[in-house]
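A.B. asks: Quick one, what's the 3D model for this:
(2 chains)
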Amino acid sequence: MKRFEYFESADVREALGVLTEREGAVILGGGTDLIPRMKRGLISPASVVNIALIPSLQEIRQGQGEFRIGSAVPLAVLERNPLLAARYAALHKASSYVASPALRNVATLGGNVCLGTKCIFADQVQTWRRALEPCFKRGGQRCYVVPGGKTCHASLASDTIPALIALGAMGTVVSPSGERTIPLEELYTGDGVRPLSLGHRELLTQVVLPIPPAGGRSTYLRYSLRKSIDFPMVSAGFYLEQEEGVCRNVRVVVGALAPMPIRLSALEEGLKGKTITPHLLREWSEEAPKEALRRSRSGRIDAFLRKMTAQLVYQGLTEVAGQR
Amino acid sequence: MTVSTFSVVGKRGPRVDGRDKVTGRTKYLDDLRFPGMLYGKVLRSPYAHARVDRIDTSRAEKILGVRAVVTVEDTPKIPFGSYRSGIKDELIFALDKVRFVGDEVAAVAAIDEEVAQEALDRIEVEYEALPAVFSIEEAMKPDAPRVHEKADRNIASHTVTVRGDPEQGFRDADLVLEERFETPLQIHGYLEPVGCIASWDSSGKLTIWAPSQNPSWSRLIFSEALNLPLGKLRVVQTSIGGAFGGKLEQNLYLVAAILAKKAGRPVKMVNTRDEEFQTSMPRVPMTIHLKMGVKKDGTLTAKEHRIFADNGAYTKYASAVVNLGTYRVDGLYRLKDIRNENYLVYTNKLPTSAFRGFGNPQITFAMESMLDQLAEGIGMDPLDLRLRNAAEPGDITAHGFHYISCGLKDCFRQVAEAIEWKEKRSQKGFRRGLGISATSHVCGNRSFFPLFDGATAYVRIDEGGKVRVITGEVEVGQGLLTAYATIVAEELRIPLQEITVEAPDTDFAPFGLGTWGDRGTFIGGGAVKLAASDARKQIFETAAEMLEAHPSDLDCREGRIFVKGAPQKNIPFSEVAAHAVYTHGGSPILGKGTFIPNSELADPTRYGNISGAYAFGAQAAEVEVDEKTGEVRLVRVVAAHDVGRALNRTTTEGQIEGATVQGMGYALFEELEFENGVMLNPSFLNYRVPTALDVPPITSLLVETIDPAGPFGAKGVAEPAMTPTAPAIANAIYDAIRVRIKSLPMTPEKVLKSLRNKKSLRDQQTKTL
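C.D. replies: Here you go, the predicted model:
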C-alpha cells in the first residue's frame, strides 16, 4: 500500500474542509472495502478522511413522517434495530446479507450505498492488471465482461441500494456550497467507471426513508453462490401497497446486473391498479429480465441470470403481496 | 489391551496447542523479526509465455533502502524439481523465458516492503510475448507452442499400467460404460500465507525458518538447487497455519536465500494473498476418461482410465499425483483387470501439485459416480453394488497392496444406517436425494522416498520431569502434536500437560519425511510410541532402584511412580527424573524409537505393497436441489472412517469435519478461473470456500479396526476424509433430479444446463417416437 495522509474528522464541516483542500482525498467509513482496494493498489489516494467518528453521522432518528439514518451507522446496528425490522424489512434484510458479522460491525450504510462497481477483470493487483490490456475501468478501450462491449459493464452489487430505492429513500449530500436531498436513484450514473454522481467535495451524510402507510410491505432477496461473504449475482428490493387485493403502489429495483440499480418501471406500471393474482405476478416476473436488460443498456445478462432474475422477482412480489 | 485400560488414548479433549492458537500466542513466521532483517519481494511475470530479452535492475538498485536485487544470474542455475520426480525443469528465476503469469523474474530485498515494492516497479524487463497454451487439448496439438522445448506435444510424462486382462474383463461384463469426467483447479486455502526468513552466518551456513511440511526433505532439494552441502543448510519449521499439501518445497525459500546471501542480512518474505493464489501449487485438474464393466449380479469386471492431467508450467508433485495418486482407487473394490494410462501435460498456467487426497479426489469422483451409473444400469441398489465388491481384510489388491486392517464394509454399513439409506431411498422427499461414496488411502507411501520408509523419535525427560518429544514430523494443523502427546502420555502414564512436542529443526531433529500421505500418526506415531516406551523403561529402572523394587512391578499414575499392589510405595515422577539425570552425569533420559513399516518399494510397473497400512472411509450425502435455480443445498453428510483407532476423538472428528467441508467446496464451489492465463479470482471473495452458513450438519462415525502395526492401532484420516464427499454429493444430486453432473464444481449453472440438456433430449426422443 502506498503511503497516505490520514485525517479524522470531528464534524462534517471538518471533513468537507479536508476534501476541499486535498485534491483526490477519499472518504473512509468502515474501511472494509476501501482498505482492501488500497492494498491491492486499485486506488492510491494521497489523503484519506475518516468520517466514521462524526457523531451526527451515527444517528438514527425518527422525524416527521420520515426516518433518518446517518451514513456512518454500521450495518450491524441496522441489523439489530427492531423498528427497522418491523417497518423496513427490505433494508433490514439487505443489511443482514452484507459480507459477514465481523465486517458488518464496522462497514457503514454510507459505505455500502457508495460502494461503487465491482469487476473480477478490473479489480486485479498490478502484476495481473499488466497482463491484460486495460479495460474501460482501467483507462482502456475494451470490456472483458462483455467482449466487444462499448462501455464498462462492472456490477453495482451492494445489497442496500435496491432495498433503499424500493423503500423510496432519499439521500442527503453536503458540499462546501450547501446541502441537497435527492432521490437515492439519482446517486447512480449508470457508468461503470464513474458509477456515482457525487462530486469530489461531496459527502453523503444521511439516508432518509419515508414512513410507509399501513399495508405497505417490503422485502429484499438476493441470489449468491455462497451464503456469506459474497456479493449477489442478482438481487432485488421490493415495496408494495395494496388495498383489498388491488395494488396501489409498487416499486421493484434489481441490483447487481448492471453498473446501476435498475428500477423496473414498466413492471410497476403494469401492476398498479390491478387485482393481484399469482398469474399476474408470474406474467410480470417473466418480463422482468427483459426490462432489466433494456434498462441496463447492456447485453451482459446471460441466460442463467435472466432465469434467476425472473425467479427472484416472482418470489419477492409474492412475498410482499402476501400471496404465500 | 481393552479400551478401559487407557488413560488418555481414545478420549475426548482439546488439542494441546489449542489454547495458544485461539488466544493469539502462537508465533507464526510473520511474527518473527531478526535484527537487521530486510524484506524481500518478487517481480513476477505478467505474461503467460514470453521470451525475456533483457532485465535491467540498475534503476532499482539506486533506490535508497534497497540492499539487493537478484535475477537468475545470481543463482547457481542448477535445474531442480520435486524429489525423485525425475523431471527437473525449473530454475530459481526465469532464465530465457517466463512460462506463466506469476513466474519469478527477479527479486528485491529492502529495508521495508514499501521500498521493495517501489524497487520492483523500477526493474525494467523486455519481454517478447509468445503464443501460449492454456488447456490440455490445445497443449497436446502437434503444432502447439511448447512450454518446455524438450517436451513434445507438451507431454511431461506418459505412463501405462496394465494388470490382469482388461479386454477379457470387459468381454465378461454384461454392461460396460464409458464417461468423461472433469475436475477443477482447487486451491488449498490455508489462512497463513507462505513465508520464510533466510539468513547466512559467517561460515557460509544458511538457515531457513519456514512453515515447511517436510523440513528434512526440503533441505535435500534446497541443497541441490542452491549447490550447497547439506551440512551448510538448516531448516527450522515454524508454526503452520494450515498446509493441506501446499507447504512442501516452495520456490520462495530459495529466492529468500539468494537475496539474503547477496544482501548479507536476514531476509523475510511473505506472500500476499494474491501471490498465494497465483503461485501456490493447487490441486491437479484432470480430464478423466473412465470405462468400467459390471456383470448382472453386480460383480465389477474391469476398469480402464485415461487421464489427462494439467501440470501447469513446471513439474512439482503433479507427476506423482497422477502416477502414484490415481491408482490407489483400484484397490477400493475387488478389481483385477485394469488398464491405466496417464498423461501429464504442460500448460502456461501455475504449476499444480500436492493437495489433500493427492489424486484420489479426482479419480474417486469419476469412479464413484460411474458405480452409481452401473448400479442403475443393472437395476441394483448403489450401496449393494459397493458392498458386493468392497475390499476386505486380507485382500491383496491388483497393484499389490496388502490390506491388514480394513473396515470398508463397516464404514458402508454405519453410514447407510445413520443416513437411513434404505428407508429414504425408497420414499424420498420432493427433489431430495441420497448419495454414497467411499475411499481408500495409504498411511505413508514407500514410493516417494526410496531410500527408506519410517520415522524416528526421541522422548527426552529432563531433571524437572519435563518430557519433550523430538521428531522430524510436522504439525500442519491436523493435530499431530496432540496425537504424539497422547501416545507419550499413555505410555508414560503422565498428564498431557507435562509433554511438549517440538517442531523439527534439521540441526537437532531426526531425519523425518514430514507430513504427507497420511503418515504422521501411523509412522511418526509408531516411532513416538517406541521412544516413549524406551524412556519409560529407563525411568522405571531408576525408580526401581529408588523404591527397591523390580522395574516390571512398577506403574505410574497422576505423576507418581508406584509399586503395583503396594501403591503406598511411590515416588514423584519428577523426583525420579532428577535422580536419573544427576546420577548419569547430567544426561537426560533419552528414549529413542524407530518405526519402520512393513512396506516395500514398488517395481517399475508400480506393483508392490507401498504402505504399512491402509485407511478406508465411506460417506453419504443428502441434498435438496431447486430445479428452478439449480441450487444444491447440502442437507447433511454422514462420514464413517476406518481410522484404526482414534487417539483423540475430538481431533479425529475435527479432521473428518474439516475434510468434508473441503470436499464440499470441491463439489459445489471452488474453481480457479482464468482469462488468457490471468487468474480472475485470486481472493477469498471471488474464489468461494464454503462459509459456516453453507456447511451442513456433519456426522462423523469412527470405525476402529485397531491396526496391528499402528500406534495403539491408529491409522491416518486427514486425506481420505475429503475424497468421498464430492462423489457422494454428485450421486445425491442424481438421485434427486436424475441428472448426472460429470464436472466439478457442480454449480447452479451446470445443474440448470444439465437439466436443460436432459429436457431437450427427452423432447427429441418424444419427437422421434
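
A.B. asks: ok, now which ones touch residue 154?
C.D. replies: Assuming you mean chain A. Contacts for A:A154 (C-beta atoms under 8 Å, 6 or more residues apart in numbering or on different chains) come out as A:T117, A:K118, A:C119, A:A122, A:K137, A:V145, A:G192, A:V193, A:P195, A:P259. In short, each C-beta sits where N, CA and C put it, glycine included.

A.B. asks: that's the wrong chain, I wanted chain B
C.D. replies: By C-beta under 8 Å, 6+ apart, the neighbours of B:N154 are B:V133, B:A139, B:M140, B:A144, B:R146, B:V147, B:H148, B:V345, B:Y346, B:T347.

A.B. asks: hang on, the earlier thing: which pair in the contacts of A:A154 spans the largest distance?
C.D. replies: A:V145 and A:P195 (14.3 Å; C-beta to C-beta).

A.B. asks: wait, B:R328 sits on B:G357?
C.D. replies: No. When contacts are counted by C-beta atoms under 8 Å, B:R328 is not listed as touching B:G357 (9.9 Å).

A.B. asks: residue ranges with poor pLDDT in the stretch 1-150 of chain B?
C.D. replies: Residue ranges of the stretch 1-150 of chain B with pLDDT under 70: B:1-4, B:83-85.

A.B. asks: Close to chain A: what parts of it are there?
C.D. replies: The stretch 1-150 of chain B comes close to chain A at residues B:R44, B:P46, B:Y47, B:A48, B:V101, B:G102, B:E114, as judged by C-beta under 8 Å from any C-beta of the partner chain.

A.B. asks: With secondary structure and neighbour count as added columns, please give those residues in JSON lines.
C.D. replies: Listed next are those as JSON lines, based on DSSP: H, G, I helix; E, B strand; the rest coil; neighbours: other C-beta atoms under 10 Å in any protein chain shown:
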{"residue": "B:R44", "secondary structure": "strand", "neighbour count": "25"}
{"residue": "B:P46", "secondary structure": "coil", "neighbour count": "23"}
{"residue": "B:Y47", "secondary structure": "coil", "neighbour count": "27"}
{"residue": "B:A48", "secondary structure": "coil", "neighbour count": "27"}
{"residue": "B:V101", "secondary structure": "coil", "neighbour count": "29"}
{"residue": "B:G102", "secondary structure": "coil", "neighbour count": "29"}
{"residue": "B:E114", "secondary structure": "helix", "neighbour count": "15"}
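
A.B. asks: Which single one of these is nearest to A:S228?
C.D. replies: Nearest to A:S228 among these, counting by C-beta to C-beta, is B:G102 at 29.0 Å.

A.B. asks: mind pulling up the phi and psi values for the residue of the stretch 201-324 of chain A at minimum distance from chain B?
C.D. replies: Closest contact between the stretch 201-324 of chain A and chain B, by C-beta to the nearest C-beta, is at A:K227 (3.7 Å). Here is the backbone geometry of A:K227 (degrees, to the nearest 10): phi -80, psi -20.

A.B. asks: Quick one: residues contacting it.
C.D. replies: B:T691, B:L693, B:D694.

A.B. asks: Narrow these to those in strands?
C.D. replies: Using DSSP state E, no member of the contacts of A:K227 falls in strands.
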